Every structure is written in structure tokens, then in C-alpha cells.
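S.K.: sequence? don't have it. structure:
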């Protein structure tokens, strides 16, 4: 039994290594948002030159295309085994403790104090914290979860999964049949359907539009929900095991084509080169449609490529893998840490 557990641990070390990469990209993503890339963040520098803006934009949209979706897929991958081992009650209890407590801490402690700090440094606020808090609560709409929006929605997905399993258990269908690995044609069909659904959703909920209360961007949720489900199926069916490197190379080639060829053309013809990125965010226009298709091809392609690359080349553990135990701590700290650094840098002569 010990040898079997060790074998499983070795086989899944590549997922820990992927999570390290994704955590690093999240921090770099928010740093890019600070220094001129599109997106919302606590602190923003002035608008950069067009070349810098284009490079930051490419970095942002490429990462946005895959990294959070891959996080959700990994979350889905580990959900069935956790539920099977613990049962519904213990599964939900541990999820609420592990994910819910950091969310509450961020909402009640980190966000108010970080917002107060930025109001003083950037906005020149002279009042007391009590005065600020009164204003803060007057304009409070939705949960200010910051980068823990992922944790919030992972908790929501876990609750939905537990409800599904409870219902499925009654009909003895809680364990779906093992499915064959998707073919290239099936993957392309999945990408096209997901692109169309994303385009339709963004007609009503464009990118950078946050819903009240839950404070999430529904513009990306078609992908997040789909990949969470893919993660569940992948665990049951062994989809992530032994993906040949030849497949990774093909998908990386597709991704490279979309980034190097398609993106500059789309960026230039659609008006983004002049600073007008609004049409890409959503609505019934060709820019929004092309961006949705571009995003899903790049996102799914990178996810397949990384899964294969890390399984075949980086499927080993080491001291650095221990970083994955502290992912939530990084999410809790890095907004305040990076904002302080950026503000102090901005004050230097």
C-alpha cells in the first residue's frame, strides 16, 4: 500500500509543478496590470506607450486564456477523489474551513486596510480609519474578495458538485462511465462550441464587467465551468496521463500561430493599436467574436501542451513543490505586498 501511494504521488508531482507555474503567473499578471496592461487592480500606473501597451496586452490576454481555466481544471481533477474518500458532510466541512476562512479574512481584514492604505497614498485621504470605513461601507456593493475570487468560486463549484453527487447517488449514477481521450477533431469542436458560448455570454456580460454581490466576471465563466467539468472527467478517465509529447508540440504550434500571426492582425485591424480595446470586451461585433475564438484556441492549446510537457518532463517532486501548500497565503498577501511596493516606487523622485 505504501509503494502504491508513493507511485501515485510521483505520477501527480507534475500537477504540483504546474500549480507552481500558475501561481507565479498570477503574481506577474497583476504586476502587468499595475504597469499599464488592461484590467482592474488596486493600484495602476499611468498609461504606457503603445508598444509597451501591446506587449503587456499580449501577456495579459495569453495568460487570461488559460491560467485560471487550468486552475479550475486541476480543482475539478481532485474533487471526485476527495469526495469519494470523505463523503458529502466531511467533504463540505473541510472545503468551507479551508476555502471559506481565507475568504472571510480577506473581506473583513485585508481589503478594508489595503483600500485605506491606497486612499492615503494615492488619493490623499486625511481622515481616520473610522471615517474611511464609514465611506467604504456606504459604497460597498458585493463581496470584495480580490484575488480570492477563484477560491470563492472553487468553493461554490464544490458545493454544486456535492449536490450533484447526492442526487446522482439516489439513481446510482454518481460514477460516470470512463470516456476515451478526446480526439483532435473532438477537441476542436469543444473549442468552437466554447468560443460561441463565450461570445454569446459577453453580449450581456463583457470582460471586466463584475456582477454584484459575488463580484465575478461572468465573461470567463463558460471556460471555468467547462474546464472544471473536464477536470472531473479527466480524473475518472485518466485523460491527463501519458499525453504524448508529439501532441503537445502540435498544440504549441497552433498556439504560436494564434499568438504571432493572428493576434497582431486582430489587434491592428480592430482598433486596439489605437488604444480602443472596448469592442473586444463583448457585444455583437467581429472583434468580440474573434477574441473569443482566439482565447479558447490559445487557452485549450496551452493547457493540453503544458499537461503533456509537465507529465513527461517535470513529473518529479522537490523542495520547491512545498510552495503549493501556501498558495492561499500568496493570494492573501500579494495584493497588499505588491501595492505597497508600487506605491513606494511611485513616490521616489
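M.R.: All right, it came through fine. In this text the structure is predicted, and so the values were computed from the model without any measurement.
S.K.: relative to residue 54, how far out is residue 103?
M.R.: Taking CB to CB, to the nearest Å as the measure, residue 103 falls 35 Å from residue 54. Where C-beta positions appear, they are placed from N, C-alpha and C, glycine not excepted.
S.K.: where do the helices sit along the stretch 101-250 of the chain?
M.R.: For the stretch 101-250 of the chain, the helices defined by DSSP state H, counting those that start in this stretch cover 101-105, 111-121, 129-138, 149-170, 184-204, 221-237, 245-257.
S.K.: and those as JSON lines, adding mean pLDDT, mean neighbour count and distance to residue 315?
M.R.: Below are the helices of the stretch 101-250 of the chain laid out as JSON lines (pLDDT from 0 to 100; neighbours: other CB atoms under 10 Å; distance: least, CB to CB, whole Å):
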{"stretch": "helix 101-105", "mean pLDDT": "92", "mean neighbour count": "15", "distance to residue 315": "29"}
{"stretch": "helix 111-121", "mean pLDDT": "86", "mean neighbour count": "18", "distance to residue 315": "38"}
{"stretch": "helix 129-138", "mean pLDDT": "87", "mean neighbour count": "12", "distance to residue 315": "47"}
{"stretch": "helix 149-170", "mean pLDDT": "92", "mean neighbour count": "17", "distance to residue 315": "24"}
{"stretch": "helix 184-204", "mean pLDDT": "97", "mean neighbour count": "16", "distance to residue 315": "22"}
{"stretch": "helix 221-237", "mean pLDDT": "95", "mean neighbour count": "21", "distance to residue 315": "16"}
{"stretch": "helix 245-257", "mean pLDDT": "96", "mean neighbour count": "16", "distance to residue 315": "12"}
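S.K.: nearest approach to residue 300 belongs to which of those helices?
M.R.: Closest to residue 300 of those is helix 184-204 (CB to CB; 5.2 Å).
S.K.: so which elements touch the closest one?
M.R.: Helix 184-204 is packed against helix 221-237, helix 286-313, with contacts defined by 3 or more CB pairs under 8 Å, 6 or more residues apart in numbering; DSSP states H and E.
S.K.: quick one, the shortest one and helix 149-170 angle?
M.R.: Between helix 221-237 and helix 149-170, the angle formed by their directions is 50 degrees, by axes from the mean of the first three to the mean of the last three CA atoms, to 10 degrees.
S.K.: tell me how far helix 221-237 lies from the chain's centre.
M.R.: 13 Å (CA atoms, centre = their mean, to the nearest Å).
S.K.: contacts for that helix next, please.
M.R.: By CB atoms under 8 Å, 6 or more residues apart in numbering, the residues outside helix 221-237 that reach it are 68-70, 72-81, 153, 157, 161, 175-176, 178-181, 190, 194, 197-198, 201, 239-240, 295-296, 299, 303.
S.K.: ok, now with 6 Å
M.R.: With contacts defined as CB atoms under 6 Å, 6 or more residues apart in numbering, helix 221-237 is touched by 69, 72-73, 76-77, 80, 157, 178-179, 194, 197-198, 201, 240.
S.K.: among those, which pair sits farthest apart?
M.R.: 178 and 201, at 30.8 Å, using CB to CB across the contacts of helix 221-237.
S.K.: quick test: name the residue nearest the centre of this structure.
M.R.: Central residue check for the chain by CA atoms, centre = their mean: the C-alpha nearest the mean position is that of residue 68, 1.7 Å away.
S.K.: just confirm it is within a strand.
M.R.: No. Residue 68: not assigned to a strand; according to DSSP: H, G, I helix; E, B strand; the rest coil it is helix.
S.K.: include distance to residue 85 when you put the helices and strands packed on helix 184-204 into CSV, please.
M.R.: Output for the helices and strands packed on helix 184-204, formatted as CSV (distance: least, CB to CB, whole Å):
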stretch, distance to residue 85
helix 221-237, 13
helix 286-313, 23
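S.K.: show residues contacting stretch 61-73.
M.R.: By CB under 6 Å, 6+ apart, stretch 61-73 touches 22, 25, 29, 223-224, 227-228, 230-231, 295, 298-299, 302-303.
S.K.: and the gap between the residue lying closest to residue 143 once chain neighbours are set aside and residue 101?
M.R.: Take residue 143 and drop its neighbours on the chain: the residue closest to it by CB to CB, 6 or more residues apart in numbering is residue 215, 5.1 Å away. In this view, residue 215 and residue 101 are 18 Å apart by CB to CB.
S.K.: just residue 232 next, same as before
M.R.: If you measure residue 232 against residue 101 using CB to CB, the figure is 25 Å.
S.K.: hang on, the earlier thing: adding distance to residue 149, write the contacts of stretch 61-73 out as JSON lines.
M.R.: Below are these laid out as JSON lines (distance: CB to CB, whole Å):
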{"residue": "22", "distance to residue 149": "15"}
{"residue": "25", "distance to residue 149": "16"}
{"residue": "29", "distance to residue 149": "13"}
{"residue": "223", "distance to residue 149": "15"}
{"residue": "224", "distance to residue 149": "10"}
{"residue": "227", "distance to residue 149": "16"}
{"residue": "228", "distance to residue 149": "14"}
{"residue": "230", "distance to residue 149": "20"}
{"residue": "231", "distance to residue 149": "18"}
{"residue": "295", "distance to residue 149": "18"}
{"residue": "298", "distance to residue 149": "22"}
{"residue": "299", "distance to residue 149": "18"}
{"residue": "302", "distance to residue 149": "21"}
{"residue": "303", "distance to residue 149": "20"}
